[in-house]
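**Student:** Next comes the sequence, and after it the predicted model I'd like to discuss.
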Amino acid sequence: MTGKQQGLYDPRFEHDACGVGFVCNLNGIRSHEIVHNGLQILVNLTHRGACGCDPESGDGAGILIQMPDTFFRRAFGDIGIRLPGPGEYGTGLVFLPRDEQQRASCMRWFEEAVEDEGQRFLGWREPPVNSTAVGRVARQSEPVIRQIAIGRGGNAGGARAFERKLYVIRKVVEHRVAKAGLSEGGLFYVPSLSAATFNYKGMILPDRMETYFPDLRDPHMVSGLALVHQRYSTNTFPVWPLAQPFRFLCHNGEINTLRGNLHWMHAREGLFRSDLFGDDMAKLLPILNEEASDSATLDSAIELLYHTGRSLPHAIMMTIPEAWQNHLTMSDEKKAFYEYHACLLEPWDGPASIPFTDGHCLGAVLDRNGLRPSRYLVTKDGCVIMASETGVLPVAPDNVSRKGRLLPGRMFLVDMDAGRIVEDDEIKQRMAARRPYRAWLDEHHVTLEDVPEPEVPTALDRGTLVRLQQLHGYTYEDLRVNRAPMAQKGVEPTGSMGTDTPRAVLSERPQLLYSYFKQLFAQVTNPPLDAIREELVTLLRTNIGAEGDLFQETP
């Protein structure tokens with residue numbers, strides 16, 4: 001429901017979309033204020049979320065923060081579990097079945113996976129939750145929530161290696177639970193399992209997050225960043241696991257290329273090899289869950305690229321590239337980077353604003369068309385705020401250092417370790433200089449222009465031509481409405497703007513091969529794209545050829 005027109009406000013410009021945002025200290029200084037401000041952003045973005053017929057059951061809300069070591073050390077200590085030093089343990093929230101026997105099985109499998117992977121199981125904690133803070137519908141599917149603590153084993157190596165081990169443990173447990181049929185309907189789910197970040201989320205209204213999770217009110221719950229999301233579910237139903245943020249990102253928008261992205265990832269899995277994982281790679285498969293939302297699967301794809309050795313900005317640039325093919329002022333080095341990676345991975349395309357973090361850096365990227373809003377603000381006292389709209393936190397005008405909006409395809413990145421904002425050009429030029437991408441492309445990439453011209457066949461007499469056209473299913477309408485405009489004027493046929501033609505598979509007559517295929521498109525919140533009128537951000541070119549190694553950058 002929208003309001004009445006008054007002053008400069010016009011309800012016609014109101015759009016439904018998820019609310020995303022983050023707040024951080026530029027120098028990475030941790031405080032409870034950051035957590036509180038993140039939750040306040042959620043509350044101020046309530047209008048961007050949704051609830052069902054039960055107004056107390058939200059579509060989903062959540063907050064992703066840095067590991068609050070001091071708080072967890074006290075919380076686990078209160079139940080007799082002593083945690084090792086910071087970075088020497090990982091922990092995560094776990095959604096478990098309400099059935100006692102099923103829950104016991106899931107917890108036992110988790111403990112066994114930890115030991116099997118050479119890590120140390122430290123114990124379970126029952127974080128306090130207030131179920132009266134969620135509505136009737138949310139309570140019907142509410143999981144039992146536990147927190148697991150895992151100590152680093154001797155085979156884990158450094159921080160990134162330990163994160164990889166936690167990733168393997170989670171995937172092993174997920175696959176075992178799925179095989180037992182206990183993951184259906186969100187009975188089992190791990191919102192996060194990491195030594196760097198922690199995730200609180202669920203089918204909760206934004207203003208009830210602290211009520212449902214009392215942990216969030218504790219003054220020892222400190223973080224240098226808070227990534228938040230308020231969900232308006234469009235392509236999937238509201239369920240506890242699909243509340244956001246996910247493990248690395250949250251998302252406002254849609255991934256229109258999802259079906260193709262899923263299929264390509266599954267097709268490549270047989271080629272996956274990684275020196276970082278070794279034999280553990282087989283334990284990760286399948287990487288993507290087809291029943292998850294578009295943003296959940298994107299998060300899983302980025303998680304894979306991150307754990308196989310790429311930085312988070314690198315993984316984001318691979319999956320969500322800016323429009324580079326027809327860009328007149330982009331450097332050749334950057335174009336070569338995108339062209340090279342286009343041979344490895346298809347873009348996860350669609351209108352999207354995507355904040356992301358690995359607990360060390362924090363940023364956001366906008367889709368190549370700029371079809372989702374994102375605004376940022378930096379204060380003089382070192383606070384960085386980014387959200388779907390301005391005004392999510394009150395800031396005195398004289399405390400504003402800079403502000404702006406995310407531009408199409410551009411990345412906004414905060415390096416808290418260095419205490420600065422890294423500009424888009426610097427990020428991407430640094431990535432483009434990692435390898436001699438242009439030299440590799442010049443040596444190994446073959447374009448159609450390089451292929452010798454085929455011999456032109458002898459012209460057919462009209463009778464033979466008509467017979468062959470009939471034999472192959474051409475109709476008079478195909479020739480007059482579709483082919484003629486393309487051949488004579490090089491424009492798209494008006495007949496392609498919509499069709500009520502019956503399915504080719506139902507016809508008793510021969511059909512053209514492409515008549516059996518229909519284009520998939522999102523019918524929700526984004527306009528259709530036109531490769532002719534919007535040639536700057538669209539291209540009909542594609543790559544073919546043998547698949548290479550997705551995880552190694554080689555010529």
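**Tutor:** On my side now, so go ahead.

**Student:** use CA for all of it now, contacts and neighbours both
**Tutor:** OK.

**Student:** what comes into contact with stretch 253-266?
**Tutor:** Under the contact criterion C-alpha atoms under 8 Å, 6 or more residues apart in numbering, stretch 253-266 has outside partners 17-18, 286-288, 290, 294-295, 346-353, 372, 521-522.

**Student:** what are the ranges of the helices in the stretch 351-500 of the chain?
**Tutor:** Assigned by DSSP state H, counting those that start in this stretch, the stretch 351-500 of the chain shows helices spanning 424-432, 437-444, 462-471, 476-477, 484-489.

**Student:** Nearest to residue 515, out of those helices?
**Tutor:** Nearest to residue 515 among the helices of the stretch 351-500 of the chain is helix 476-477; the distance by C-alpha to C-alpha comes to 13.5 Å.

**Student:** quick one, what contacts the nearest residue in space to residue 357 that is not next to it in sequence?
**Tutor:** Distances taken as C-alpha to C-alpha, 6 or more residues apart in numbering put residue 248 closest to residue 357, at 5.4 Å, once the chain neighbours are dropped. When contacts are counted by C-alpha under 8 Å, 6+ apart, residue 248 touches 299, 302-303, 356-358.

**Student:** How far off centre is the worst-scoring helix or strand of the chain on mean pLDDT?
**Tutor:** Lowest by mean pLDDT, DSSP states H and E among the helices and strands of the chain is helix 476-477, with a mean of 84. Chain-centre distance of helix 476-477: 44 Å, with C-alpha atoms, centre = their mean, to the nearest Å.

**Student:** Grab the longest helix from this structure for me.
**Tutor:** helix 159-179 (DSSP state H).

**Student:** got a list of contacts for that helix?
**Tutor:** Contact partners of helix 159-179, identified using C-alpha under 8 Å, 6+ apart, comprise 87, 90, 106, 109-110, 113-114, 117, 152, 156, 183-184, 188-190, 193-195, 276-277, 280, 283-284, 307.

**Student:** Next, the buried residues of it.
**Tutor:** 160-177 (16 or more other C-alpha atoms under 10 Å).

**Student:** Equivalent analysis for stretch 90-110, please.
**Tutor:** With burial defined by 16+ other C-alpha under 10 Å, the residues of stretch 90-110 counted as buried are 90-98, 102-103, 105-107, 109-110.

**Student:** Start and end of it, how far apart?
**Tutor:** Criterion C-alpha to C-alpha, to the nearest Å; first-to-last residue distance in stretch 90-110 is 14 Å.

**Student:** Low-confidence regions, the protein specifically.
**Tutor:** Confidence mapping of the chain against pLDDT under 70 gives the ranges 1-4, 9-17, 184-186, 234-235, 494-500, 519-529.

**Student:** how's it carved up into domains?
**Tutor:** For the chain, the structural domains run 68-195, 462-516, going by automatic domain parsing.

**Student:** From one end of the shortest one to the other, what's the distance?
**Tutor:** Okay, so that is domain 462-516. End-to-end distance of domain 462-516 (C-alpha to C-alpha): 28 Å.

**Student:** before we move on, what about stretch 114-126?
**Tutor:** Rule used - C-alpha to C-alpha; the end-to-end distance of stretch 114-126 is 19 Å.

**Student:** Counting neighbours, which bits of that stretch end up buried?
**Tutor:** Buried residues in stretch 114-126 (16+ other C-alpha under 10 Å): 114, 117-125.

**Student:** now it, how far from the centre of its chain.
**Tutor:** From the chain centre to the centre of stretch 114-126 is a distance of 28 Å (C-alpha atoms, centre = their mean).

**Student:** Identify all contacting residues around that stretch.
**Tutor:** The contact list for stretch 114-126 (C-alpha under 8 Å, 6+ apart) reads 76, 79, 81, 83, 111, 145-156, 165, 169.

**Student:** Please flag which of the residues you listed sit within helices.
**Tutor:** Using DSSP H, those in helices are 76, 111, 165, 169.

**Student:** Excluding residues flanking it in the chain, which one is nearest the second one?
**Tutor:** Closest residue in space to residue 111, ignoring its immediate chain neighbours: residue 121 at 6.2 Å, by C-alpha to C-alpha, 6+ apart.
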